[in-house]
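>>> sequence and predicted structure, then a few things I'm wondering about:
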Amino acid sequence: MTLTTTAVLAPLLPFLGAVVGLLTGRRSPGFVRPLAVLPTLAAAVLTVAVAVGQGGGPATDVATRLTPTGSLPVDLALHVDGFAALIGVLVGVVATCVQIYSTAYLRDDPRYPSYAALVSLFTSAMLLVVYTGDLMVLLVGWEVMGICSYFLVGHYWETEAARAASLKAFLVTKLGDVPFLFGIFALAADAGTFRITGILGHVARDGLHHPTLIALLLLAGVAGKSAQFPLHTWLPDAMAGPTPVSALIHAATMVAAGVYVVARLLPVFAASAAALVVLAVMAAVTMVGSALAALAQDDIKRVLAYSTVGQLGYMTGALAVGDRGAAVFHLLSHGAFKALLFLGAGVVIHAAGTNSLAAMSRMGGLARRIPDAFWTVTVALLALAAIPPFAGFFSKEAVLGAAEHAATGHAAGVPGAAGWTVLISGLLTALLTAAYATRLWLLTFRGTGTEVPDHGPQPRAMTAVLWVLFLPTVGFGLTATFLPAWFDGRSLTPTLTTSVLGTGVALVGGLITYAAWRHTSALATRTPLGAVAVAEDATPALAEELAIVTHPPAYGDAAGAPDPADPGRLLLGPLHRHAAAGFHLDAVYSALFVRPVRAAAELVRFLDRAVVDTYVSGAGTAPRWLGAAVRRAQTGNVQTYLGALLAGALVLGVAAALVATGTGA
């Protein structure tokens, strides 16, 4: 089988599995799990075959005309280069792990057939985005993923949170998709083709007439799909969906699509220095803001969600300094350890017996209860914090090294300001990432919260998947010396300066958080929680410290239950309240956009009812009154008609006489 045929079958098989699952899933429940797992597993094997066949060599680029349009043609094009092949493997492997994991996680869910089919469709759409060489075909996969995310995030539609989260995810991403669509049209009109290779050739040869406008339009769609500031607010709320869906969206699909598109079209963005600076600022704000927000969250999935937003900021930062190799390298390693973190969080939630116990402050004794999740998630958190020798260290250092390269003026065409912005914010985010990763580990596995009930051993299908993802989390970064052939020939090995700085600030962040946890735990032990106001022997300094670590519960499922010591509150201080609320961006958007739109809608409704409906009703009322008057004259009495005729004749006679008299005079 040729590489072309293999690449075509990879997205086709899960698509067919999704169609069959949607049509027959409820009628044939015995075939649901094979239909979910086997096509996705086959697609994963095919993606590996594509990567082996491509081998980091020249790109495979074939196309056939889909249909004549009378203008720019749309082609069924296939384009497989090194990083497309590797991202395809990531999508296939993570999707297979999610499907296998879901067979146990959603074992008793009555809507599992539709869920499994939508996951397969999601996988197919992302593979289409990865392998296609035509922007219009890419747009099809792009939008199908948006629809799938809407249904999957809203899987538990009985809850208000899931309904609101699915609607928010759909609307926010569509807000970015509209300018993204116009950006594709403008880019194709300028280049004369929708083919990606044709566009890049035109950019290299003739340039673009409006590069900044096109880049910013495309960037709006990327910000929505990849959850970058200011369109990132949908992603934390999307945690209302099933945990395996979160792993799929955060690790290999949806949010990865935006980074992939920028990487594929990077010369378009590099044609505008202003666009690169905007991209760098967007990445910096996203990285730092999301890391601060993650440090203040109590729900384990929301911590990981904000973590994803920040790690995507690293990827867009690498693209802002012109290094798509570093961006895609971090995309791949992040996909491995973030899928492991989310699926590990699912094991934690499953051990607790209910999703409402996802609050870390309510957990305790889980390290010995779920050893598989404990060890694998511990390593994944070390990778997230970029501690060597795990995968996250190598990929994050590749990003920081690229930023240093641009900041010192060694990256042609990249403004130095973009390099410094990404480098400084990246180092600060490394400090904060290690802090919230350490906090998550301490509160989840070493916390002193309420002991959750023991629900027995975890299903083997769930724990086995964790160990599968454990392997690339540990070893993928060590392949950095072999990957440049797949990524434009650029070196991905860490540089000394950024390695020392990045690892140093990460260690500082972890140690400070651990010290804060020990300090707050000691304070919470010395004085009962909630006793600040009544402790007679509490000094003012101790009372002030206890006011930070003893607080009313903001999360969890037990109203009035106290939270244990939280180092995040001590570290953030007054900023904690704002960070926990995502810096109130939702409230800002509500004030700036939602309320005015609703007020305008109310005005339109009033005008429709009070003005338009009045005229419409009046237009019918006048003829009705006239008809009623005429109806009263139709009595059916001949004498009445003759009397009216005689009266009319007399009136006419008198009028004629008056006219004649006036004429004679």
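Great, that's in hand.
>>> next secondary structure element downstream of the helix or strand of the chain with the lowest mean pLDDT?
Of all helical and strand segments in the chain, the minimum by mean pLDDT, DSSP states H and E falls on helix 540-549, at a mean of 41. Scanning forward in sequence from helix 540-549 by DSSP states H and E, the next helix or strand is helix 567-572.
>>> how about residues contacting that following helix?
Under the contact criterion C-beta atoms under 8 Å, 6 or more residues apart in numbering, helix 567-572 has outside partners 292, 295-296, 435-436, 439, 442, 512-514, 516-517, 519-520, 545, 548-549, 551, 576, 579. All C-beta atoms are positioned from the backbone trio N, CA, C, and that covers glycine.
>>> all helices for the stretch 251-400 of the chain, in order.
Counting by DSSP state H, counting those that start in this stretch, residue ranges of the helices within the stretch 251-400 of the chain are 255-264, 266-270, 273-296, 300-320, 324-352, 366-369, 371-384, 391-407.
>>> now for those, which one comes closest to residue 646?
helix 255-264 (88.7 Å; C-beta to C-beta).
>>> helices or strands up against that closest one?
Judged by 3 or more C-beta pairs under 8 Å, 6 or more residues apart in numbering; DSSP states H and E, the packing partners of helix 255-264 are helix 82-105, helix 112-131, helix 135-153, helix 211-225, helix 300-320, helix 324-352.
>>> between these, which one is nearest to residue 180?
With C-beta to C-beta, the closest approach to residue 180 among the helices and strands packed on helix 255-264 belongs to helix 211-225: 2.3 Å.
>>> report the buried residues of that closest one.
211, 213-225 (16 or more other C-beta atoms under 10 Å).
>>> how about the helices and strands packed on helix 255-264 in TSV, adding distance to residue 594?
Output for those, formatted as TSV (distance: least, C-beta to C-beta, whole Å):
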stretch	distance to residue 594
helix 82-105	33
helix 112-131	28
helix 135-153	19
helix 211-225	17
helix 300-320	22
helix 324-352	30
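>>> tabulate those helices (JSON lines), appending distance to residue 8 and mean pLDDT.
Formatted as JSON lines, the helices and strands packed on helix 255-264 follow (distance: least, C-beta to C-beta, whole Å; pLDDT from 0 to 100):
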{"stretch": "helix 82-105", "distance to residue 8": "12", "mean pLDDT": "94"}
{"stretch": "helix 112-131", "distance to residue 8": "8", "mean pLDDT": "95"}
{"stretch": "helix 135-153", "distance to residue 8": "12", "mean pLDDT": "95"}
{"stretch": "helix 211-225", "distance to residue 8": "24", "mean pLDDT": "95"}
{"stretch": "helix 300-320", "distance to residue 8": "28", "mean pLDDT": "95"}
{"stretch": "helix 324-352", "distance to residue 8": "22", "mean pLDDT": "92"}
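>>> what's the closest of those helices to residue 162?
For those, distance to residue 162 was read as C-beta to C-beta. The smallest value, 6.9 Å, belongs to helix 135-153.
>>> and the very next helix or strand once past that closest one, what's buried?
Per DSSP H and E, the first helix or strand lying C-terminal to helix 135-153 is helix 160-191. Residues of helix 160-191 classed as buried by neighbour count (16+ other C-beta under 10 Å): 162, 165-166, 168-170, 172-173, 175-177, 179-188, 190-191.
>>> what of stretch 375-389?
Within stretch 375-389, the residues scored as buried using 16+ other C-beta under 10 Å are 376, 377, 379, 380, 381, 382, 383, 384, 385, 386, 387, 388.
>>> one step back: tabulate the buried residues of helix 211-225 (a markdown table), appending distance to residue 588.
Listed next are the buried residues of helix 211-225 as a markdown table, based on distance: C-beta to C-beta, whole Å:
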| residue | distance to residue 588 |
| --- | --- |
| 211 | 31 |
| 213 | 26 |
| 214 | 28 |
| 215 | 26 |
| 216 | 21 |
| 217 | 23 |
| 218 | 25 |
| 219 | 21 |
| 220 | 18 |
| 221 | 22 |
| 222 | 22 |
| 223 | 16 |
| 224 | 17 |
| 225 | 21 |
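>>> so which of these is the closest to residue 14?
Nearest member of the buried residues of helix 211-225 to residue 14, counting by C-beta to C-beta, is residue 225, at 20.0 Å.
>>> mind putting the helices of the stretch 251-400 of the chain into CSV with distance to residue 645?
Formatted as CSV, the helices of the stretch 251-400 of the chain follow (distance: least, C-beta to C-beta, whole Å):
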stretch, distance to residue 645
helix 255-264, 85
helix 266-270, 87
helix 273-296, 87
helix 300-320, 88
helix 324-352, 92
helix 366-369, 102
helix 371-384, 100
helix 391-407, 100
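>>> quick one: closest of the ones you listed to residue 14.
Nearest to residue 14 among the helices of the stretch 251-400 of the chain is helix 255-264; the distance by C-beta to C-beta comes to 16.0 Å.
>>> who touches that closest one?
83-84, 87, 90, 126, 129-130, 138, 141-142, 145, 196, 218-219, 221-228, 235, 249, 269, 279, 308, 312, 315-316, 319, 324, 327-328, 331, 335.
>>> now stretch 431-441
288, 291-292, 294-295, 300, 303, 307, 310, 360, 377-378, 381-382, 384-387, 505-510, 512-514, 517, 566-568, 571.
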